[in-house]
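Trainee: predicted coordinates and the sequence they were generated for:
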Amino acid sequence: MSEIDALNQQLSVLQQEALTAFTAATDVAALTELRVRYLGKKGSLTEVLKGVGKLAPEERPVIGQSVNIVKQVLGNALREAEIALQEVETQQRIEAERIDVTLSGRSRTRGSKHPVQTGLDEMTAIFTQMGFDIAEGPEIEDEFHNFDALNIPPEHPARAMHDTFFLKDDEDANVAESEAKPEAKPMLLRTHTSPVQIRAMQHFMEERVEPPFSVVAPGRVYRCDYDVTHSPMFHQVEVFKVDHDVSLAHLKGVLKHFLSTYFEKDLPIRLRPHYFPFTEPSAEVDIGCVFCSGKGCRICKGSGWIEILGSGMIHPNVLNSTGIDSEKFSGFAFGLGVERLVMLKQGIPDLRLFFENDVRFLRRMGS
Ligand code: DAH
């Protein structure tokens, strides 16, 4: 075979091989590689051209023309294959990114109110519906409002019973106990919501508002205590009313309405004589057991009654400490533990569940 025939054959084999490879390519990147392999500076066609030197001078343009034709054929084939593959790739991307409007939406988990907050809101609402005004007081209190004005003098055992968290003020923080300024007023985390009685009455007196005062004061309180039924932070609702001729009958009527509304059933209640420094007389209030309807069970320890809150007629010393004339006015007051009532209503066995933030519990209780 002559040199020129051999070259021509080589060219046609190359063209065939390249065209087959182009058709087999599955993506644009593979085609780019093939373009370099066949048409690139060091590619197969350039290789073939090197053989041209062996030809007679008059044969060279003939082969040159054949090479150009192959170059053109391959170039066109490459472009077409590229366009086709680009089209396929675009289709695939559209396919992959297509918005399927029939797909159901991804739902976001929504937060819910904490069961203690739900309880506080429900309780407060029952009192506002009865015409009580909402009052709030500071969680950092002084001894006067938390104790003295509530008829709990410094040496009173009730003061020790309260397991109070005391705060050091900034100036005293780095000073030895013995060097602390005697006039510095010790501050504390309020141990109950009863100081709001004092603050509210003081406020009314300053504003020269005369009784009747009807106040509900929900809020957080603190005691140094922690077990199944005690947490160092918990919630109370304080309620009081001051007017002419307020009696125990008013107290019992308000309690009965409140407890039956909150527990959503007509509950029997009883007042048991007790002692609180800020009320005289004082009573602990029991409700008929919500679990056994008074028959006696494990929860009520067989008695049929559950102790629920402290109450009484506001002590004259308390009224007088805020400037209210205890000869002219009388009042009732009570204070209840919110967690305890929510536990009884919802059948929650352990107080600590409220503060552990276990979402399974919160989800079940959520409203
Ligand atoms: N402050 C009391 C406590 O936390 C509860 C209490 C008892 C409040 C009797 C009152 C009351 O207003 O009259 O233990």
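Mentor: Here it is on my side, so go on.
Trainee: which stretches of the protein form helices?
Mentor: Assigned by DSSP state H, the helices in the chain fall at 3-24, 28-39, 44-50, 60-97, 115-129, 143-146, 157-161, 170-173, 195-206, 248-263, 316-321, 338-346, 359-365.
Trainee: mean pLDDT, distance to the ligand and mean neighbour count added to those, as TSV?
Mentor: (C-beta placed from N, C-alpha, C; glycine too.) TSV is the format used below for the helices of the chain (pLDDT from 0 to 100; distance: least, Cβ to the nearest ligand atom, whole Å; neighbours: other Cβ atoms under 10 Å):
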stretch	mean pLDDT	distance to the ligand	mean neighbour count
helix 3-24	88	86	15
helix 28-39	90	77	16
helix 44-50	84	96	15
helix 60-97	88	63	13
helix 115-129	97	13	18
helix 143-146	96	10	19
helix 157-161	74	9	12
helix 170-173	54	27	10
helix 195-206	97	7	20
helix 248-263	97	9	17
helix 316-321	97	9	19
helix 338-346	95	11	20
helix 359-365	88	25	13
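Trainee: make a markdown table from these and add distance to residue 353 to it.
Mentor: Formatted as a markdown table, these follow (distance: least, Cβ to Cβ, whole Å):
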| stretch | distance to residue 353 |
| --- | --- |
| helix 3-24 | 67 |
| helix 28-39 | 59 |
| helix 44-50 | 78 |
| helix 60-97 | 46 |
| helix 115-129 | 9 |
| helix 143-146 | 29 |
| helix 157-161 | 26 |
| helix 170-173 | 35 |
| helix 195-206 | 27 |
| helix 248-263 | 20 |
| helix 316-321 | 36 |
| helix 338-346 | 9 |
| helix 359-365 | 5 |
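Trainee: out of those helices, nearest to residue 298?
Mentor: helix 338-346 (13.6 Å; Cβ to Cβ).
Trainee: and residue 277, how many neighbours?
Mentor: Neighbour count of residue 277, defined by other Cβ atoms under 10 Å: 20.
Trainee: quick one: it from residue 327, how far?
Mentor: In this view, residue 277 and residue 327 are 21 Å apart by Cβ to Cβ, to the nearest Å.
Trainee: could you do residue 312 as well?
Mentor: Residue 312 is 19 Å from residue 327, by Cβ to Cβ.
Trainee: looking at those two, which one has more neighbours?
Mentor: residue 312 (26 against 9).
Trainee: hmm, residue 277 and that one touching each other?
Mentor: No: contact between residue 312 and residue 277 fails when scored by Cβ atoms under 8 Å: they sit 10.0 Å apart.
Trainee: if I look at the one residue in the stretch 1-150 of the chain that gets nearest to the ligand, how far off is residue 277?
Mentor: Residue nearest to the ligand within the stretch 1-150 of the chain: residue 150 (7.9 Å; Cβ to the nearest ligand atom). Using Cβ to Cβ, residue 150 is found at 6 Å from residue 277.
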